[in-house]
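[1] need coordinates for the below:
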Amino acid sequence: RALKGQGKLLFLVPLVALANQKHEDFEDRYGDLVDVTLRVGASRINDSGQRFDPGADVIVGTYEGIDHALRTGRDLGDVGTVVIDEVHTLKEEERGHRLDGMISRLKHYCERRAESGSNPDYAGAQWIYLSATVGNPEWLAKRLRATLIEFEERPVPIERHLTFADGQEKVRVENKLVKRAFDTKSSKGYRGQTIVFTNSRRRCHQISRKLEYDAAPYHAGLDYGRRKQVERMFGNQDLAAVVTTAALAAGVDFPASQVVFDSLAMGIEWLSVQEFSQMLGRAGRPDYHDKGTVYMLVEPDCTYHNSMEMTEDEVAFKLLKGEMEDVTSVYDEAAAAEETLANVAVAGKRAKALDDRMLGEIDTQRSVALLLDWGFIDGFEPTPLGRAVTRHFLSPADAFRILDGIRSGLDPYEVVAEMELADEEL
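    You can find the predicted model right below:
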């Protein structure tokens, strides 16, 4: 559609690292035919848009990057196609309601654009939602008013292996698996490379140091330049393995033939079936590998925190046999108020229509009453305070903490410290 002049393409993903990679992919493949730009979180801080061109034919961005453009009234032009990648993010407790709201706000933008008649040939946007891990695809497609298309087959088959090992043995087993994979070539001529998933940044560094073949840690604590270096080295087959946290499971698409689970936890929480499926799906890439291989290294009777009710071996069988979780959205009062505020900022009196078509149920009347009481709106207009809150994606609780800090005369750094401490206590 973009190549035919039928409106630009928005390709939206949950993580900055993934957006950067997709931006490079589109630039490499279509850069000589269309203008490609990037809209991520950094654009929200420096909105002069040094890297962001709203007039480009293809905009690759994060959900929040595009949502910020909507909340601040940026003109995105005629949007012909919207691709929401990793749409199962809708079920996440903290980010699900924001993705849900962004979809509603972007649909509103496209509808108003078509109604304006500024371009008689513009008829609105085509919407495509992508996911490999949705337990209730029929329900979700119906709620999104989309036609369900399911692919049951995987182009590269995956072998799954369950291996019992204690904490000391795991690294020795990982070393053998990494060496064996890297010493093997596929029929396409690519060496086998490994992603090792573990549950902490510190463990990433520990494992990567102990592997005999070249390996590197990869996590959100590394700066952008270092992460890009690791991505390039892995892509050039200069690394036998990357060791990463489960938090980056849906992130950068390393072309790995093998995935090894050093742990079945994400921090101090056991993986869900959906998270596990996302991670093991990184093994085996078309055009690179003949098959994907997955190893779960499981320590019997092991837990990583005293709050964990199951042991690692029990979790392993649950993950292998479990049903994929449904994608649903249930909002508490604060999340509902946050989305209503954003909808008021974008649509004014039409905010209720935007609330009503979100997956999660929102009592607009109750949300508006709260926003009026908090001083975030005046009628159906955001106050200067409400506009600041919604532009910076603040939850009501965070907004109140900042206000309390300002009124108490705290230094801005002290306010940030108070917020960090509050988050740790949750």
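
[2] tell me how many other residues surround residue 242.
    By other CB atoms under 10 Å, 25 other residues sit near residue 242. C-beta coordinates here come from the backbone N, C-alpha and C atoms, glycine included.

[3] for whichever strand or helix holds it, packing partners?
    Residue 242 is part of strand 241-245 when elements are defined by DSSP states H and E. Packing partners of strand 241-245 (3 or more CB pairs under 8 Å, 6 or more residues apart in numbering; DSSP states H and E): strand 194-198, helix 201-210, strand 215-218.

[4] which one of those lies closest to residue 132?
    strand 194-198 (16.1 Å; CB to CB).

[5] the helix or strand hosting residue 390: what's the following helix or strand?
    Residue 390 is part of helix 384-391 when elements are defined by DSSP H and E. The C-terminal neighbour of helix 384-391 among helices and strands, as given by DSSP H and E, is helix 396-407.

[6] okay, buried residues for the helix or strand just after that next one please.
    Scanning forward in sequence from helix 396-407 by DSSP H and E, the next helix or strand is helix 412-425. For helix 412-425, a neighbour-count test (16 or more other CB atoms under 10 Å) marks 415, 418, 419 as buried.

[7] the second one: what's it in contact with?
    Same thing as residue 418. Each residue near residue 418 by CB atoms under 8 Å, 6 or more residues apart in numbering is listed here: 401, 405, 410.

[8] how about residue 316?
    Neighbours of residue 316 in contact, by CB under 8 Å, 6+ apart: 162, 264, 296, 298.

[9] farthest-apart pair in the residues you listed, please.
    Of all pairs drawn from the contacts of residue 316, the one with the longest distance (CB to CB) is 162 and 264, at 10.7 Å.

[10] show me where the stretch 151-300 of the chain has helices.
    Ranges of helices in the stretch 151-300 of the chain, per DSSP state H, counting those that start in this stretch, are 167-182, 201-210, 224-235, 273-280.

[11] just these: most buried one?
    Highest mean neighbour count among the helices of the stretch 151-300 of the chain (mean count of other CB atoms under 10 Å): helix 273-280, with a mean of 21.

[12] got the angle between that helix and strand 194-198?
    Angle of helix 273-280 versus strand 194-198, following axes from the mean of the first three to the mean of the last three CA atoms, to 10 degrees, is 150 degrees.

[13] where does this structure dip in pLDDT?
    Within the chain, the ranges that satisfy pLDDT under 70 run 41-51, 247-252, 423-426.

[14] what's the following helix or strand after the longest helix along it?
    If each helix of the chain is counted by residues according to DSSP state H, the longest one is helix 96-116. Where DSSP H and E defines the elements, the next helix or strand beyond helix 96-116 is strand 126-129.

[15] residues making contact with that following strand?
    By CB under 8 Å, 6+ apart, strand 126-129 touches 1, 80, 81, 82, 83, 84, 87, 107, 140, 141, 144, 146.

[16] hey, what's the third one bridged with?
    I take that to be residue 81. residue 9, residue 126 (DSSP bridges).

[17] before we move on, back to that, return the distance of the strand holding residue 242 from the chain's centre.
    Its chain's average C-alpha position is 18 Å from that of strand 241-245, according to CA atoms, centre = their mean, to the nearest Å.

[18] do the same with stretch 376-384
    Here stretch 376-384 is found 30 Å from its chain centre; the criterion is CA atoms, centre = their mean.

[19] give me the buried positions along it.
    Result for stretch 376-384 [16+ other CB under 10 Å]: buried residues 376, 377, 380, 382, 383.

[20] out of those, which comes closest to residue 22?
    Distances from residue 22 to the buried residues of stretch 376-384, taken by CB to CB, are shortest for residue 382, at 31.9 Å.

[21] so the closest one bridges to which residues?
    Note on residue 382: beta-bridge partners by DSSP bridges are residue 377.

[22] re the thing from before, in ChimeraX, how would I select the buried members of the contacts of residue 316?
    The following ChimeraX line selects those of these that are buried, judged by 16+ other CB under 10 Å:
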select :264,296,298
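
[23] which of the contacts of residue 316 fall in strands?
    Counting by DSSP state E, these place 162, 296, 298 in strands.

[24] just the C-alpha atoms of stretch 159-167, please, in CSV.
    Coordinates of the C-alpha atoms in stretch 159-167 are reproduced here as CSV (Å, rounded to 0.1, in the frame of the first residue of the first chain):
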residue,chain,number,x,y,z
GLU,A,159,13.4,-30.5,18.9
ARG,A,160,12.9,-30.1,22.7
HIS,A,161,15.2,-31.7,25.3
LEU,A,162,14.7,-31.8,29.1
THR,A,163,18.0,-32.3,31.1
PHE,A,164,18.3,-32.4,34.8
ALA,A,165,21.3,-30.7,36.3
ASP,A,166,22.2,-28.8,39.4
GLY,A,167,23.5,-25.2,39.5
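
[25] which other residues reach that stretch?
    Contacts of stretch 159-167 (CB under 8 Å, 6+ apart): 173, 280, 291-300, 302, 313, 316, 320.

[26] stretch 329-339 now?
    By CB under 8 Å, 6+ apart, the residues outside stretch 329-339 that reach it are 90-91, 96-98, 100-101, 355, 358-363, 366-367, 370-371, 390, 395-397.

[27] ok now it, how far from the chain's centre?
    Computed by CA atoms, centre = their mean, the separation of stretch 329-339 from the middle of its chain amounts to 19 Å.

[28] how about it: buried residues?
    By 16+ other CB under 10 Å, the buried positions in stretch 329-339 come out as 329, 331, 335, 336, 337, 338, 339.

[29] may I ask which two of the residues you listed are separated the most?
    329 and 337, at 15.2 Å, using CB to CB across the buried residues of stretch 329-339.

[30] still on that earlier bit, strand partners of the strand holding residue 242, parallel vs antiparallel please.
    Using DSSP bridges, the strands paired with strand 241-245 are strand 194-198 (parallel), strand 215-218 (parallel).

[31] which one of those strands lies closest to residue 273?
    strand 194-198 (15.1 Å).

[32] pull the residues that contact that closest one.
    Residues outside strand 194-198 that contact it (CB under 8 Å, 6+ apart): 174, 177-178, 181-182, 204, 207, 215, 240-246, 249, 254, 256-263, 279, 282-283.

[33] over to stretch 132-145?
    87-88, 90, 103, 127, 129, 147-148, 150, 274, 277-278, 281, 323-328, 359.

[34] can we see that at 6 Å?
    With contact meaning CB atoms under 6 Å, 6 or more residues apart in numbering, stretch 132-145 is reached by 88, 148, 274, 277, 278, 281, 324, 325, 326, 327, 359.
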